[in-house]
Structure formats: structure tokens, C-alpha cells
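*Asks:* Kindly generate the corresponding structure for this input.
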Amino acid sequence: MDMEQARFNMIEQQIRTWEVLDDTVLQTMGSVPREIFVPESLKSLAYADIEVPLGNDEAMMFPRVEGRMLQELEINIDDNCLEIGTGSGYVTACMANMSNHVHSIDIYEEFLLSAEKNLAEVNVANVELEQKDAFFDWGAGRKYDVIAITGSIPEYLPMFENLLEPEGRLFVVVGSKQVAHAMKIVKMDDDFIRSSLFETELKPLVGKEAKPTFHF
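*Replies:* Numbers count the residues shown, from 1 in each chain. You can find the predicted model right below:
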């Protein structure tokens, strides 16, 4: 399979058609070899318009959603970023190529070990990987210019916006897997500007799955 052609097709047929037009985002996604971050048996699906399974009932995001997220976050070379949900490390690599540093956390150690290997293979070094539950023990003082949450949450939680530096940007998908919308939050002085971006679907973060609703 011609991976370079498949990557080009992903950019032109999936990413651009979802209104991702930022040159930095397009160049980054066009240069990071997504096939490195896909399980060996699924490499032929690396650039398909699907959520590629990773194990533990988790999956990579749709490429088009990854592109929109990276564009909305407006990442620049001086930014220090937080990624919640490392997965295989693909989004981590994209963010690292666009920023100063990425602190990426995941609840699954096996994902972090795999991501570490994948990132080393594409020579990405400005990343700190940590096994951590996103909802606990953030301590005091650590702030970020950019926060990307790669799993959905059923209801909006302000805890993550409190980790933003002034003028920091946060991307999160809120709602159920079937009906959810992406949000962008920008910290301006002592206030937050919250915008609804687009409807999508995304697997929930571990521990924040929507509770079942019973009808009688």
C-alpha cells in the first residue's frame, strides 16, 4: 500500500472537507506517518475514515476530528500542552511538532509504552508521558497553554479549564457517544469564553461513561 498517497488522500478527502484549512495543521498531519501509530494488523486502515481500534475498547479519533481539534487549539511553537488520553501517540506527535512541549497522560500503561516506542520511531522527544487518571490529583501550580481531551465526557466539567494559562485554549467533546458536540474554551483574564463548535461522536474517557437511563 502506498502510504504517502493514502496520507495525501486523507488530507484532501477527509481533513480539508471538514474545514481544516490551517497550513500548519495540514503540513503536520501530512508529514506525521499515522501508520506508525496504528496496530500492526490494522496498518492498511491507518488513513481510513474510521476510529481505528487500539485495544481496551479504545480507538483513535477520526482523522477529520483530529484535524479540527488541532486547528481549533491554535497551537504555536511556544505553547506547553496537555493531552488527556495518549492512546497510540499520534495526536501527541502532531501536537509535539507544533509546540514547545507536550505532557500526555493515559490511564493505560500499555498505551504509554506503545506510544513511547512510536514517538521514538518518528524522533519526537519534546514529550512527557505519564500514567494518570485525568480526574484526580493535579496538584497545584501546573498550567498549560493548550489542553486537548481526546475522549468525551457526558457533562461539561470546569476542572480542566482551571489548568489553563491566560489566553489558553481547551478542546473537549461533551455528551454521549451518539449525540455530542465539540467545545472550545478560551481563558481571557479571569473569565472563560466557551464556544460550541460542531456535532461529533467520540468514545468517553475511562471513568466518565454516561450512566444508563432506565424507562419504566
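*Asks:* buried set for stretch 73-89?
*Replies:* Buried residues in stretch 73-89, counted by 16 or more other Cβ atoms under 10 Å: 73-75, 79-89. For glycine as for every other residue, the C-beta is placed from the backbone atoms N, C-alpha and C.
*Asks:* oh sorry, the question was meant for stretch 127-146
*Replies:* For stretch 127-146, using 16+ other Cβ under 10 Å, the buried residues are Val127, Leu129, Lys132, Ala134, Phe135, Tyr144, Asp145, Val146.
*Asks:* which ones are touching the fourth one?
*Replies:* Right, Ala134. Residues in contact with Ala134 (Cβ atoms under 8 Å, 6 or more residues apart in numbering) are Ile84, Gly85, Ile105, Ile107, Ile149, Phe160, Leu205.
*Asks:* quick one on the thing from earlier: take the buried residues of stretch 73-89 and write them to CSV, including pLDDT, distance to Glu40 and secondary structure.
*Replies:* Formatted as CSV, those follow (pLDDT from 0 to 100; distance: Cβ to Cβ, whole Å; DSSP: H, G, I helix; E, B strand; the rest coil):
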residue, pLDDT, distance to Glu40, secondary structure
Leu73, 98, 30, helix
Glu74, 97, 34, coil
Ile75, 98, 30, coil
Asp79, 98, 32, coil
Asn80, 98, 33, strand
Cys81, 98, 28, strand
Leu82, 97, 29, strand
Glu83, 97, 23, strand
Ile84, 96, 26, strand
Gly85, 95, 21, coil
Thr86, 97, 19, coil
Gly87, 96, 16, coil
Ser88, 97, 11, coil
Gly89, 98, 15, coil
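*Asks:* Out of the residues you listed, which two sit at the greatest distance?
*Replies:* Farthest pair in the buried residues of stretch 73-89 (Cβ to Cβ) is Glu74 and Ser88. Separation: 24.1 Å.
*Asks:* Report the separation between the most centrally placed residue in the chain and Ile77.
*Replies:* Nearest to the geometric centre of the chain sits Thr150, at 3.9 Å (Cα atoms, centre = their mean). According to Cβ to Cβ, to the nearest Å, Thr150 and Ile77 sit 22 Å apart.
*Asks:* cool, and Lys187?
*Replies:* 20 Å.
*Asks:* What is the longest strand of this structure by residue count?
*Replies:* strand 164-175 (DSSP state E).
*Asks:* buried sites along the next helix or strand after it?
*Replies:* Once strand 164-175 ends, the next helix or strand along the chain (criterion: DSSP states H and E) is strand 180-188. Buried residues in strand 180-188, defined by neighbour count with 16+ other Cβ under 10 Å: Ala180, Ala182, Met183, Lys184, Ile185, Val186, Lys187.
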